[in-house]
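Peer 1: from the sequence below, what's the structure:
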Amino acid sequence: MRLGEARTPEGMRIYAVGDVHGCHSMLAEMHDRIVADVEARPVADHRVIHIGDYGDRGPNSAAVIERLVGLTAGNPRVVCLRGNHDVMLTDFLDDPARAGSIYMANGGAETLRSYGVNVNRFAWLMSDYPALARQLKEKMPAAHVTFLKNLPLTARFGDYFFCHAGIRPGVPLDEQDAQDLVWIREEFLLDESDHGVVVIHGHTPAREPDVRSNRINVDTGAVYGGTLTCLALEGSEYRFL
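Peer 2: Residues are numbered from 1 along each chain as shown. You can find the predicted model right below:
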């Protein structure tokens, strides 16, 4: 199955939003654009799929998660998948002594600050991670924790397969390893084989959407000064908002 052959379910449009990383204002604007697009181009059914990595590095992770918690509540049209940064955050909450250093080195301090935890600019390098995790648990709404811990790893609609990082080539879709789905890079990115679906993913930032015959990467580095990308799929056609 290649791009141009792959199709969405009949009568369904899918919007796939790339890595957000705490860029709440960009996400809010993108949601407005999606609403406007649906109004301008009515369709029988649609889905909005967020590809993961909602927090870290950017300025307002708490607001991003609050927005997504609200949008997904009782709304099957909005789907949020799990990214590696979402995994790192829940690992930090569950076992800060083990996960603290890697989480904080990958933008976790910005997430803590967005929830009102006092994290000095460089002090976290020698921090008491369990103490920081306790503060975060006190300030983070329970609904946010539940949301993050229950994020699915994948979604499939028609001939399109959605996940955060990619898949392990040659492994059946229903046997993919969770670690690969949120972390894989070169083994997937450099593979040109037919996966039986077109994979829509993020995780590896690019200057613009990376469109290949077997995959589309929608991470365009919003938190690094790039744009937040949304891919619109309908039938066998695709376009970008």
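Peer 1: what helix or strand is the nearest residue to residue 22 once chain neighbours are set aside on?
Peer 2: Leaving out its chain neighbours, the residue that sits closest to residue 22 by C-beta to C-beta, 6 or more residues apart in numbering is residue 58, at 2.6 Å. Bear in mind the C-beta positions are built from the backbone N, C-alpha and C, glycine included. Using DSSP states H and E, residue 58 maps to neither a helix nor a strand.
Peer 1: same question, the one 10 residues further on
Peer 2: Here residue 68 is covered by helix 61-72, with elements defined by DSSP H and E.
Peer 1: who touches that helix?
Peer 2: Surrounding helix 61-72, the residues in contact under the criterion C-beta atoms under 8 Å, 6 or more residues apart in numbering are 20-24, 27-28, 31, 48, 50, 54-55, 58, 78-80, 110-111, 114-115, 140-141, 143-144, 147-148.
Peer 1: I'd guessed the residue nearest to residue 22 sits against residue 27; true?
Peer 2: No: between residue 58 and residue 27 there is no contact under C-beta atoms under 8 Å: 9.7 Å.
Peer 1: need the contact list for the residue nearest to residue 22.
Peer 2: Contacts for residue 58 (C-beta under 8 Å, 6+ apart) come out as 20, 21, 22, 23, 24, 64, 107, 110, 222, 223.
Peer 1: now do the contacts for the last one.
Peer 2: Contacts here follow C-beta under 8 Å, 6+ apart; on that basis residue 223 touches 19, 20, 21, 22, 23, 57, 58.
Peer 1: any idea which of those residues has the most stuff around it?
Peer 2: When those are compared by neighbour count (other C-beta atoms under 10 Å), residue 19 ends up highest, at 33 neighbours.
Peer 1: what about residue 88, distance to residue 103?
Peer 2: Shown here: residue 88 relative to residue 103, a distance of 5 Å by C-beta to C-beta, to the nearest Å.
Peer 1: show the subsequent helix or strand relative to the helix holding residue 68.
Peer 2: Past helix 61-72, further along toward the C-terminus, the next helix or strand under DSSP H and E is strand 78-80.
Peer 1: what pLDDT, on average, does that next one get?
Peer 2: Per-residue pLDDT over strand 78-80 has a mean of 98.
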